[in-house]
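# Need the 3D shape of this:
(chains A and B)
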2 protein chains.
Amino acid sequence: MSGKMEYVTCTAPVNIAVIKYWGKRDEKLVLPMNSSVSVTLSQDQLRAKTTIAACKTFSNDKIWLNGREESFDNPRIQNLLHEVKCRARIQNGSDLDQLLSWKIHICSENNFPTAAGLASSAAGYACLAFTLAQLYKVTGDVSDIARRGSGSACRSVYGGFVVWNKGENIDGTDSIARQILPHTHWSDLHILILVVSDQKKHTGSSEGMQKTVQTSELYKQRVKCVPERTDDIIDAIKNKDFDKFAEITMKDSNQLHAVCLDTYPPISYLTDTSRDIMTLVHRYNTFKAQNKVAYTFDAGPNACLYLNEADVPGVISIIEYFFPPTSQSQHFITGLPINTRAIEKEFISNVTIPIQPDGLKYVIHTTVGDGPRVCTNEDSLLDRSGEPISPIAEKRNIDSVL
Amino acid sequence: MSGKMEYVTCTAPVNIAVIKYWGKRDEKLVLPMNSSVSVTLSQDQLRAKTTIAACKTFSNDKIWLNGREESFDNPRIQNLLHEVKCRARIQNGSDLDQLLSWKIHICSENNFPTAAGLASSAAGYACLAFTLAQLYKVTGDVSDIARRGSGSACRSVYGGFVVWNKGENIDGTDSIARQILPHTHWSDLHILILVVSDQKKHTGSSEGMQKTVQTSELYKQRVKCVPERTDDIIDAIKNKDFDKFAEITMKDSNQLHAVCLDTYPPISYLTDTSRDIMTLVHRYNTFKAQNKVAYTFDAGPNACLYLNEADVPGVISIIEYFFPPTSQSQHFITGLPINTRAIEKEFISNVTIPIQPDGLKYVIHTTVGDGPRVCTNEDSLLDRSGEPISPIAEKRNIDSVL
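Sure, this is the predicted structure:
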């Protein structure tokens, strides 16, 4: 191995939208029809990690995703790389000409299985954009760079509570994300991700949202009512008003799936299990005479529940009652530890939904977290020659991040 | 038994909406937010039958529904009775004063189980209004009288293809149904009602539509786009354009369930089985390169399929393949006979939905039919003393009609 090698490693978080992004006004620039709001999850439980190396002696650009080499010709990667290099030239003039001319090796991995059905592409592209920005000394906001890879990725370049403003400009220069408040603002807001069993193939979100924009009559009204919702949930976040936050979050999730059903042919992401979780949440909130839990569903059947830390044990006891794990289910609950608590009998006695053994695959317990991090070289996924350190080992229980 | 007794017996059909009625602008007068369009089903398979007797010697008004005596204080029945008596006085002056002063006995029954999840109240109230009109010599349109019992009942007073105009008047005088074309216009339009197994309790449609009007943002847009749809499907019916008829029917069913999901808390009538039927229909239409079948769902999981008579055998073979009846399922297919046909292997080989033994309880095969009929006295459900002829026998496999 001859010649100096530049390399950097970073991590980026997953984000879960509470005001959903569904529909583009510009497919190529990835500009949304409406603004969206999300909560960034802790990287202690869920994160993408990317190492990028640049070297004069590299003969080709290469990318390894979760231990498997993939084609570098992916247009999303190319768009993103093009954007960050332009930004680098503007900011650094000719100082970086040599570095920018070198081929690069990218190695990226998730610490969670794609089976979780989480928006892994958001964390993956945010990490790619952030890491490239580090490599090429790009400063300032990189959310618009991440957006080129995947729309929702622009929200993963910040921690805490994030809004992605749709923007008005045709060139998309004002369609960027910004942090509303850091994760420390509302640190007792916790998240339970309920991974539903027997996943089916679903319409991809890019294809799905395109069909919705083209065919749904109701979608026109959704676009009209999102701005007010966005303002209201930002206020609820600022005031840590969980009751309001929960109501808007659930209403917006339901509206997303309503416009999917109004799409022709219809798109269905929710299953009977998803709907039973929704029913449970509404019954529990009624039982408590206030919103204690909020559900939200992306383009799949898995539920993401928001709740205050104090309510986690009670809610978990109910989830385990209605979706009892059997012996096969190893580590049913992962992530942050949970104090066990006796189930509230007076609640379950009034709920009629069926008990579904193994209805859930597993549960991830996490909280709000910070934004992308620059790691030390000890965390590098590439060795000194720019080759993956442990591609096969990573391959086992981890899936594609991009 | 002393004193002359007046009595009359009539039957009325079930109707299935293709442009759905969902939402009232006046709860008391039962005035809808939008017009709706329906197809009247043949009374040979599905009908309500009502006998009403009036006699000077009756001491009380009485009503028996499917062999069980019920309270006469039901406000819907009272409203309807009040309306028809007013109309009788206006049309007949004082000639009927004596008859109108007599107490009445009402006996009504369905020839189909409520398990079918069909809008039995439509047939029931239409039959009640039509029979009362016969008894009190009321002539002309009685759809607005039936409407007082149940909105959709106003469409069951006509056969064939029916539109219920929402009307503009505050007093509802122009919110009436009219026949677009008789059943003879498109007699090869057939209907398959797929009764889904394990029915759950559902939100009643009156309560459900009220919540939708109050809480759904998307509902505003539905109300706006129904008028154009209504005109388009009336044209499709006039031209017997099945492809167009099918597309609008499916889109409107999906939109109804979309606004239900956008209701807060959300209302879900469709189950995984319902969605599998929807998927099957869209795949089959794609396979045939044109719409051969259309589904529509009311406030429950059961599917109503519209298709041309020639396509019934092929579609039934597919339904029996994906929802195979087991030995328990007696008479899986009821109603009109069906010629068996070999399943199209090239179709099922490309469909990924799971095979669900007993996923369907049974199937009813019927066609478009005519309007209410006046029966002979041999068909009377009441004996010469005004008592039910066979209350217990009726009670077994038949449920409440109102």
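# Residues of the stretch 101-250 of chain A that sit close to chain B?
Within the stretch 101-250 of chain A, the positions adjacent to chain B are A:200-201, A:217-218, A:220-222, A:225, A:247, A:250 by CB under 8 Å from any CB of the partner chain. C-beta coordinates here come from the backbone N, C-alpha and C atoms, glycine included.
# try the stretch 251-400 of chain A
Neighbours of chain B within the stretch 251-400 of chain A, by CB under 8 Å from any CB: A:251, A:254-255, A:257-259, A:261-262, A:264-266, A:268, A:271-272, A:275, A:278, A:282, A:352.
# PyMOL command to pick out the buried ones of the residues you listed?
The buried residues among those can be selected in PyMOL (16 or more other CB atoms under 10 Å in any protein chain shown) with this line:
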select buried, chain A and resi 251+254+255+257+258+259+261+262+264+265+266+268+271+272+275+278+282
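# Sketch out the low-pLDDT regions of chain A for me.
For chain A, residues meeting the criterion pLDDT under 70 lie at A:1-3, A:113-119, A:198-201, A:327-330, A:391-402.
# hey, where'd the helices end up in it?
With DSSP state H, the ranges of helices along chain A come out as A:75-92, A:97-101, A:120-135, A:143-149, A:205-215, A:219-238, A:242-261, A:272-287, A:312-322, A:345-348, A:391-395.
# Now for whichever residue of the stretch 151-300 of chain A sits closest to chain B, how many residues are close by?
Chain B sits closest to A:Gln221 of the stretch 151-300 of chain A, with a gap of 3.5 Å, by CB to the nearest CB. Residues contacting A:Gln221 under the criterion other CB atoms under 10 Å in any protein chain shown number 23.
# and if you look at A:Glu27?
By the criterion of other CB under 10 Å, A:Glu27 has 10 neighbours.
# From A:Val196, how far off is whichever residue of the stretch 301-402 of chain A sits closest to chain B?
Residue of the stretch 301-402 of chain A nearest chain B, by CB to the nearest CB: A:Thr352 (7.4 Å). A:Thr352 sits 20 Å away from A:Val196, going by CB to CB, to the nearest Å.
# How about A:Pro337?
Noted for A:Pro337: a distance of 23 Å to A:Val196, by CB to CB.
# Hmm, A:Trp102 and A:Cys55 touching each other?
Yes - counting by CB atoms under 8 Å, A:Trp102 is a contact partner of A:Cys55 at 5.9 Å.
# what touches both of these two?
Common neighbours of A:Cys55 and A:Trp102, using CB atoms under 8 Å, 6 or more residues apart in numbering or on different chains, are A:Glu6.
# Those two: who's more crowded?
With neighbours defined as other CB under 10 Å, A:Cys55 and A:Trp102 compare such that A:Cys55 has more, 20 against 17.
# mind checking how far the more buried one is from B:Asn350?
From A:Cys55 across to B:Asn350, the span is 48 Å (CB to CB).
# Equivalent analysis for A:Pro325, please.
Distance of A:Pro325 to B:Asn350, computed by CB to CB: 35 Å.
# Looking at the two, which one has more neighbours?
Neighbours per residue, other CB under 10 Å: of A:Pro325 and B:Asn350, the larger number sits with A:Pro325, 19 against 9.
# Skip the chain neighbours and tell me the closest residue to that one.
Once flanking residues are discounted, A:Pro325 sits nearest to A:Phe332: 3.9 Å by CB to CB, 6 or more residues apart in numbering or on different chains.
# Likewise for A:Gln91?
Distances taken as CB to CB, 6+ apart put A:Val138 closest to A:Gln91, at 6.0 Å, once the chain neighbours are dropped.
# okay but the one you found is in contact with A:Arg89, surely?
No - between A:Val138 and A:Arg89 there is no contact under CB under 8 Å: 9.9 Å.
# the more surrounded of those two?
Between A:Val138 and A:Arg89, counted using other CB under 10 Å, A:Val138 has the larger neighbour count: 24 against 15.
# and the more buried one, what does it touch?
Under the criterion of CB under 8 Å, 6+ apart, the neighbours of A:Val138 are A:84, A:87-88, A:91, A:132, A:145.
# ok, those residues vs chain B, which is closest?
Nearest to chain B among these: A:Ile145, at 33.6 Å, using CB to the nearest CB.
# and the closest one, how many neighbours?
Per other CB under 10 Å, the neighbour tally for A:Ile145 reads 28.
# and what of A:Leu270?
When neighbours are counted by other CB under 10 Å, A:Leu270 registers 25.
# I figured it hits A:His257, correct?
Yes - look at A:Leu270 against A:His257 with CB under 8 Å: they come within range, at 5.6 Å.
# Overlap of the contact sets of these two?
A:Phe297.
# excluding its backbone neighbours, what's nearest A:Ser216?
A:Asp262 (4.4 Å).
# what's that neighbour in contact with, if anything?
Contacts of A:Asp262 by CB under 8 Å, 6+ apart are A:212, A:216-219, B:218, B:251, B:254-255, B:258.
# how about CSV for those, with distance to A:Val315 added?
Formatted as CSV, the contacts of A:Asp262 follow (distance: CB to CB, whole Å):
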residue, distance to A:Val315
A:Thr212, 32
A:Ser216, 33
A:Glu217, 37
A:Leu218, 32
A:Tyr219, 33
B:Leu218, 29
B:Lys251, 38
B:Asn254, 33
B:Gln255, 34
B:Ala258, 29
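# Widest-spaced pair of those residues?
Using CB to CB, the two most remote members of these are B:Leu218 and B:Lys251, lying 14.1 Å apart.
# Please state the backbone phi and psi of A:Asp358?
The phi/psi pair for A:Asp358 (degrees, to the nearest 10) reads phi 60, psi 20.
# was I right about it contacting A:Phe332?
No - between A:Asp358 and A:Phe332 there is no contact under CB under 8 Å: 9.7 Å.
# who's more crowded, these two?
Legend: neighbour count by other CB under 10 Å for A:Asp358 and A:Phe332, higher for A:Phe332 (17 against 14).
# Hmm, A:Phe161 and A:His185 touching each other?
Yes - with contacts counted by CB under 8 Å, A:His185 reaches A:Phe161, the gap being 7.1 Å.
# Between these two, point out the one with more neighbours.
Taking other CB under 10 Å, A:His185 and A:Phe161 do not tie; A:Phe161 has more neighbours (26 against 15).
# Please tell me how far the more buried one sits from A:Tyr295.
Taken as CB to CB, the span from A:Phe161 to A:Tyr295 is 18 Å.
# Same check on A:Leu381?
As judged by CB to CB, A:Leu381 and A:Tyr295 stand 35 Å apart.
# So if I had to pick from A:Pro337 and A:Val196, which one is more boxed in?
More crowded of A:Pro337 and A:Val196, by other CB under 10 Å: A:Val196, with 23 against 6.
# Correct me if wrong: that one contacts A:Pro301.
Yes - in this structure A:Val196 lies within contact range of A:Pro301 using CB under 8 Å: 4.4 Å.
# From the chain's centroid, how far away is stretch A:316-327?
25 Å (CA atoms, centre = their mean, to the nearest Å).
# Now for the closest residue to A:Ser205 other than its chain neighbours, how many residues are close by?
Among residues not flanking A:Ser205 along the chain, A:Ala299 sits closest, at 4.1 Å (CB to CB, 6+ apart). Using other CB under 10 Å, A:Ala299 has 22 other residues around it.
# Quick check: end-to-end length of stretch A:325-344?
End-to-end span of stretch A:325-344 (CA to CA, to the nearest Å): 19 Å.
# whoops, I mixed them up, stretch A:68-75
Stretch A:68-75 has an end-to-end distance of 18 Å (criterion: CA to CA).
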